[in-house]
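[1] show me how the following folds:
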Amino acid sequence: MPHDAQKAQSYRRTVNRINKVITGLQRIGVAFGPMELLTVTGRRSGRARTFPIAVLPLTGGRYIVQAFPNAAWVANVRAADTVTLTRGRRSSVVRLVEVPVEERRPLLREVVETQPDHVAERYVTNGLAAAPTADAVVAAADRIAVFRVEPA
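    Got it, this is the predicted structure:
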């Protein structure tokens, strides 16, 4: 396995462990940062699947941006009519509308320019962008799903 693939796989394992902690804290009512729990029906299993996810306030609304290639939640959201977002003890049923590629570009630029540096670095580590710069992340807009949170 090439070094970059090993690094991405190691990072993914670490994130999965941290996500279990975040999910547990959110379920007992502890909310922090932009994290919320996204619950969506599995496209094949039909079972509810829950993922901790950052919901970002960006120009024009609230958005969820894919951080990993082939993320299961992305495929499930694309197949679902609605999802549930939970923050602490508050839940709401919403629609996640996928943003067209051209409209993603300014949103991705805003993410890189307004979030901590490690956010842009994550796109490189996970193989979604070539460099941790706004231009490189914007150039990868066709590989990074972005969803706008709308009322159901």
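
[2] let me know the average pLDDT across the strand or helix carrying Gly24.
    Using DSSP states H and E, the element containing Gly24 is helix 3-27. Mean pLDDT, computed over helix 3-27, is 70.

[3] which stretches of this structure form strands?
    Along the chain, counting by DSSP state E, strands occupy 35-41, 48-58, 61-65, 83-87, 90-98, 146-151.

[4] list the contacts of the second one.
    Counting contacts by CB atoms under 8 Å, 6 or more residues apart in numbering, the residues outside strand 48-58 that touch it are 19, 22-23, 26, 33-42, 62-65, 72-73, 76, 85, 87, 107, 110-111, 114-115, 149. Glycine gets a C-beta too; all of them are placed from N, C-alpha and C.

[5] where in the protein is pLDDT low?
    Along the chain, the parts satisfying pLDDT under 70 run over 1-5, 7-8, 11-12, 14-16, 19, 23.

[6] separation between the nearest residue in space to Arg122 that is not next to it in sequence and Val124?
    Sequence neighbours aside, Ala67 is the residue nearest to Arg122 in space, at 5.6 Å (criterion: CB to CB, 6 or more residues apart in numbering). In this structure, Ala67 lies at 11 Å from Val124, with CB to CB, to the nearest Å as the measure.

[7] also Arg104?
    The value you get for Arg104 to Val124, if CB to CB is used, is 18 Å.

[8] of those two, who's got more company?
    Using other CB atoms under 10 Å, the more surrounded residue of Arg104 and Val124 is Arg104, with 23 against 19.

[9] contact partners for the more buried one?
    Contacts for Arg104 (CB under 8 Å, 6+ apart) come out as 141, 144, 146.

[10] repeat for Ala139
    Contacts of Ala139 by CB under 8 Å, 6+ apart are 129-130.

[11] same thing with Gly42?
    48-49, 76.

[12] between the residues you listed, which has the most around it?
    Compared across these, Asn76 has the highest neighbour count, 21 neighbours, by other CB under 10 Å.

[13] my guess is it meets Gly46, correct?
    No - using CB atoms under 8 Å, Asn76 is not in contact with Gly46, being 10.6 Å away.
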